[in-house]
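1. I'd like to go over a predicted model; first the sequence, then the structure.
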Amino acid sequence: MIVIAGGGWAGCAAAYAAAAAGARVVLLEKTDMLLGTGLVGGIMRNNGRFTALEEVWAMGGGDFIRRIEGVARHRWLDFPGHRHATLYDVTRIEPAIRSTLADAGVEIRLQSRVAGVFKKGDAIGEILTSRGENIAGEVFIDTTGTAGPIKNCTRFGTGCAMCILRCPTFGPRVSLTDKAGVEEIRAGDGFPHFEAMSGSCKLDKNSLAGWLVDKLEREGRLVVPLPAHIQKGDLLSKKACQQYNLADFARNLVLLDTGHAKLMTPYFPLEVLRTIDGFREARYADPYSGGRGNSIRFNAIAPCDDALKVAGVANLFCAGEKTGLLVGHTEAIATGFLAGHNAVRHLAGKDLLVLPEELAVGDLIAFMHREMKTPAGLQKKYTFSGSVYFQRMQEKGLYTTDVQAVRGRVARAGLTGVFNSKLLRVCSGPVAAPAGAGTGT
């Protein structure tokens, strides 16, 4: 059995991939809903994320991606610095993904936070949850993310901004990697301070002027010029999403229609926002204290290799932000598929899959891990949609919106449909011996 801790985009993708490979899967989520920050995100396919998502589709993730696009509000949308984005409806996405996992046979346990780990030698044997359950598994995946807990939002930010993660209600983030006795890469603990704020806020549409909402829903995005005296300036440098650290986002309010009105800034003083035409009665939907701050991310990263195997534990993998300074839903989904698939390969005694650098997903993982071994690299963020990696992606000729070209690239790597391949018929037996990493299927 594969046990996954954390039900965000990475955990959901890992659960789906592991089930597709033939394993019995239990997904643990500390709150009462799946998807974590995906509940308030909503942006897919912008810039290089188009290419990366098509790679995952060609490798066997198409049915999962199709469910996301089934709740899209806008497609092929351009906004400052970004092209051909898809915006999914954040108010409809969670039930769609929950039913997708249920259809795949994944057992979902909500309000089940990791409280402890029981090891057998260098392998995890059981997880103890906050509900007092002991959950035994053969392979484990850490997708607990890097946001929170409150003490980090206070230390590096402005305190708890009351975001969608809801730590005061459901408890702080608990890292499975840390509980397993692995020393994580932590901001400030001998490393540069690489923590950052979540990069956007959500406004309640009912609190905005009707004409503004009508235009936003019709066009999918709005760019509202700001008077010079209230332009955001240095605020954008705090964002986790450095692909949005552009002059257009400092000089304007950029809003996207994701079901809520997504405001592309970490926070914006409410009393100032209400001086702008159309925002006179504005109210934040997430975080509730979006006038003052936002959640703090990238506090604890798992040391892992390019197969996403965590060092120091024989049967632990990771995905999403736990893998490194990786930003975005697409990035979480891509690494989730790889971690879920490799967890089953490990269980089946097969060599682990390392995606080749001829694919954007493989190149991002390898490049990020190399860069993070340097002090300068630890101060950057890595994403398909902008900043340092998207520049690299274009220079290497990996970025394209030609779907057939992407499928051809995956086919040449011998990886078409790899995430759909059944590796197990029956999930049982002892923990497999550690498998070596290698490229291929």
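-> Ah, there it is.
2. how many residues are close by Ala18?
-> Other residues lying near Ala18 total 36 when counted by other CB atoms under 10 Å. Quick note: C-beta positions are derived from backbone N, CA and C, even for glycine.
3. surely it touches Ala343?
-> Yes. Between Ala18 and Ala343 a contact is recorded at 5.5 Å, counting by CB atoms under 8 Å.
4. how's the protein carved up into domains?
-> For the chain, automatic domain parsing gives the domain ranges 2-191+299-438, 199-286.
5. let me know which of those domains is tucked in deepest.
-> domain 2-191+299-438 (a mean of 21; mean count of other CB atoms under 10 Å).
6. how far off centre is that one?
-> Remark: domain 2-191+299-438 is offset 6 Å from the chain centroid, using CA atoms, centre = their mean, to the nearest Å.
7. just to revisit the earlier point, shared neighbours of Ala18 and Ala343, which are they?
-> Ile2, Ile141 (CB atoms under 8 Å, 6 or more residues apart in numbering).
8. show me where the protein has its helices.
-> 9-20, 49-56, 62-69, 93-103, 150-156, 167-170, 176-179, 210-219, 247-251, 270-273, 329-347, 360-371, 387-395, 403-412 (DSSP state H).
9. list the contacts for Val300?
-> Careful, residue 300 is Ala and not Val. Here Ala300 is in contact with Thr146, Ser175, Thr177, Asp178, Glu184, Ile185, Arg186 (CB under 8 Å, 6+ apart).
10. kindly recompute the last result at 10 Å.
-> Shown in contact with Ala300 (CB atoms under 10 Å, 6 or more residues apart in numbering): 144-147, 152, 173, 175, 177-178, 184-187, 189, 195, 321-322.
11. how far away is it from Thr144?
-> Taken as CB to CB, to the nearest Å, the spacing of Ala300 relative to Thr144 amounts to 9 Å.
12. identify the contacts common to the two.
-> Common neighbours of Ala300 and Thr144, using CB under 10 Å, 6+ apart, are Arg173, Ser175, Thr177, Asp178, Glu321, Lys322.
13. surely the fourth one meets Pro172?
-> It stands for Asp178. No. Using CB atoms under 10 Å as the test, Asp178 is too far from Pro172 to be in contact (11.8 Å).
14. check Cys241 and give its pLDDT.
-> With respect to pLDDT, Cys241 scores 51.
15. re the thing from before, and the shared contacts of Ala300 and Thr144, which two are the farthest apart?
-> Maximum pairwise distance among the shared contacts of Ala300 and Thr144 (CB to CB): 14.1 Å, between Asp178 and Glu321.
16. how near is Asp103 to Gly70?
-> 13 Å.
17. next one: Glu271
-> According to CB to CB, Glu271 stands 39 Å off from Gly70.
18. now do Phe156
-> 37 Å.
19. over to Lys151?
-> From Lys151 across to Gly70, the span is 39 Å (CB to CB).
20. and if you look at Arg412?
-> 30 Å.
21. with Leu273 instead?
-> 33 Å.
22. and what of Gly377?
-> For Gly377, the distance to Gly70 equals 37 Å [CB to CB].
23. ok, Asn252 next?
-> For Asn252, the distance to Gly70 - CB to CB - is 31 Å.
24. do the same with Thr335
-> From Thr335 to Gly70 the distance is 23 Å (CB to CB).
25. what sits against Ile93?
-> 9, 34-35, 38-39, 41-42, 67-68, 70-72, 258-259, 329.
26. closest one of those to Thr51?
-> Among those, His329 lies closest to Thr51 (CB to CB), at 14.7 Å.
27. mind listing what the closest one touches?
-> The contact partners of His329, by CB under 10 Å, 6+ apart, come to 8-10, 13, 35, 37-38, 41-45, 49, 53, 68, 88, 93, 320, 385.
28. ok so, going back, any chance of the shared contacts of Ala300 and Thr144 in TSV, with distance to Trp76 and pLDDT too?
-> Formatted as TSV, the shared contacts of Ala300 and Thr144 follow (distance: CB to CB, whole Å; pLDDT from 0 to 100):
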residue	distance to Trp76	pLDDT
Arg173	35	92
Ser175	38	96
Thr177	39	98
Asp178	42	96
Glu321	28	97
Lys322	32	97
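29. so the nearest residue to Asn252 once chain neighbours are set aside bridges to which residues?
-> Spatial nearest neighbour of Asn252, excluding adjacent residues (CB to CB, 6 or more residues apart in numbering): Val223 at 4.9 Å. Beta-bridge partners for Val223, by DSSP bridges, are Val254.
30. you'd agree Val223 is up against Gly81?
-> No. With contact defined as CB under 10 Å, Val223 does not reach Gly81; the gap is 11.3 Å.
31. residues contacting Asp402?
-> Phe50, Thr51, Glu54, Gly408, Arg409.
32. show the pLDDT at it.
-> 98.
33. relative to Ser200, how far out is it?
-> 30 Å.
34. try Ser99
-> Counting by CB to CB - Ser99 and Ser200 are separated by 27 Å.
35. swap in Leu364?
-> 22 Å.
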